[in-house]
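In: Next come a sequence and a model predicted from it.
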Amino acid sequence: MDTPEQPPAASARLLLRSTDRAALATRRREDDSSGGWPYVALVLLAVDHDASPLLLLSSLAEHSKDIAKDDRVSLLVDGTIGLDEPLTGARVTLMGRAVKSDEPRYRARFLARHPGAAMYADFKDFAFYRLLVQRAHLVAGFGRIHWIEGSALLAGTADAEALMAREADIVQHMNEDHAEAVALYATRLLGQPAATDGNRWTMTGVDTEGCDLRLSGSTTGGRVARLPFEHRVGDADQARAELVRLAKQARAKP
């Protein structure tokens, strides 16, 4: 995982972009009977274009009450699921501040990743949060351990405004007009299972480093996958060229 072509920050971003859940740790409120103790909860995870974590939390939840008093949190993203030897897999712990936001892009990216959350996202007690990452601790396997500063972890987006503005159009176009290519990305390039029983692979997001896929449907939906690009893209034309290249690669693969 940690190679000259894949430095620690890029490895950590790939892990963030590849998962849809995390463990959120907060510090218990002093007015709570267990004040001061760490508290850990399972949360759904999406990321912004630069890989900053995005969360949807209810103000009624214990972790949200903690954040209201102290916004310093840790987030553990686990990439070891399914491994015979979990400690050989990658995981990253992020430390930062959870900041509430009504930025429309955060909402759109989160609900694309977790469409079921649309049922409750507009409830008065729910709000979207962005994690302002201060530091990250990546464990990519035995002896492959790195501290990463937040500024180094996140992907720059200064040159990607054109792509960000067209993301929804690209995703809609791929899902409506190139559904076969999206399915081939998942099955032939990523080794994911083929969709069956009314399920389908869809694209949920695209950024400078790759695109996000999800197996959606009524029976076995909910699986997510990440397809990295070979070259960084900054606008819709560059993204199209990379998606066409990957489609050709997928069709040529047995």
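Out: Arrived safely, thanks for sending.

In: how about the strands of this structure, start to end?
Out: Here the chain has its strands, by DSSP state E, at 21-27, 38-44, 46-47, 53-58, 72-78, 91-101, 126-139, 145-149, 200-207, 210-216, 223-228.

In: do you know which of those lies nearest Asp169?
Out: When those are compared by Cβ to Cβ, strand 200-207 sits nearest Asp169, at 10.0 Å. C-beta coordinates here come from the backbone N, C-alpha and C atoms, glycine included.

In: CA atoms of the closest one as CSV?
Out: Extracted C-alpha coordinates of strand 200-207, given in CSV (Å, rounded to 0.1, in the frame of the first residue of the first chain):
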residue,chain,number,x,y,z
ARG,A,200,-27.2,-2.2,-9.9
TRP,A,201,-23.8,-0.5,-9.6
THR,A,202,-24.1,3.2,-9.7
MET,A,203,-21.6,6.1,-9.5
THR,A,204,-22.1,8.4,-6.6
GLY,A,205,-19.3,10.9,-6.9
VAL,A,206,-16.3,11.9,-8.8
ASP,A,207,-13.2,14.0,-7.7
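
In: Show me the shaky parts of this protein.
Out: When residues are selected by pLDDT under 70, those of the chain lie in 1-5, 31-32, 34-35, 218-221.

In: Can you spell out the domain ranges of it, please?
Out: 8-153, 161-252 (automatic domain parsing).

In: The longest one: end-to-end distance?
Out: Going back to what we said before, that points to domain 8-153. 8 Å (Cα to Cα, to the nearest Å).

In: ok, now which ones touch Val233?
Out: Val233 is in contact with 160, 163, 208, 239, 241-242, counting by Cβ atoms under 8 Å, 6 or more residues apart in numbering.

In: Grab the nearest non-local neighbour of it.
Out: The spatial neighbour of Val233 that comes closest, neighbours along the chain excluded (Cβ to Cβ, 6 or more residues apart in numbering), is Ala239 at 4.6 Å.

In: Quick check: that neighbour touching Leu163?
Out: Yes. With contacts counted by Cβ atoms under 8 Å, Ala239 reaches Leu163, the gap being 6.1 Å.

In: what sits in contact with each of these two?
Out: Listed as contacting both Ala239 and Leu163 by Cβ under 8 Å, 6+ apart are 206, 233.

In: returning to what we had before: now, of the strands of the chain, which is deepest in the fold?
Out: Sort those by mean neighbour count, taking mean count of other Cβ atoms under 10 Å, and strand 46-47 sits at the top with a mean of 28.

In: ok, back up a step: so can I have a markdown table of the strands of the chain showing distance to Lys248?
Out: Converted to a markdown table, these look like this (distance: least, Cβ to Cβ, whole Å):
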| stretch | distance to Lys248 |
| --- | --- |
| strand 21-27 | 33 |
| strand 38-44 | 34 |
| strand 46-47 | 28 |
| strand 53-58 | 32 |
| strand 72-78 | 32 |
| strand 91-101 | 33 |
| strand 126-139 | 33 |
| strand 145-149 | 35 |
| strand 200-207 | 17 |
| strand 210-216 | 16 |
| strand 223-228 | 14 |
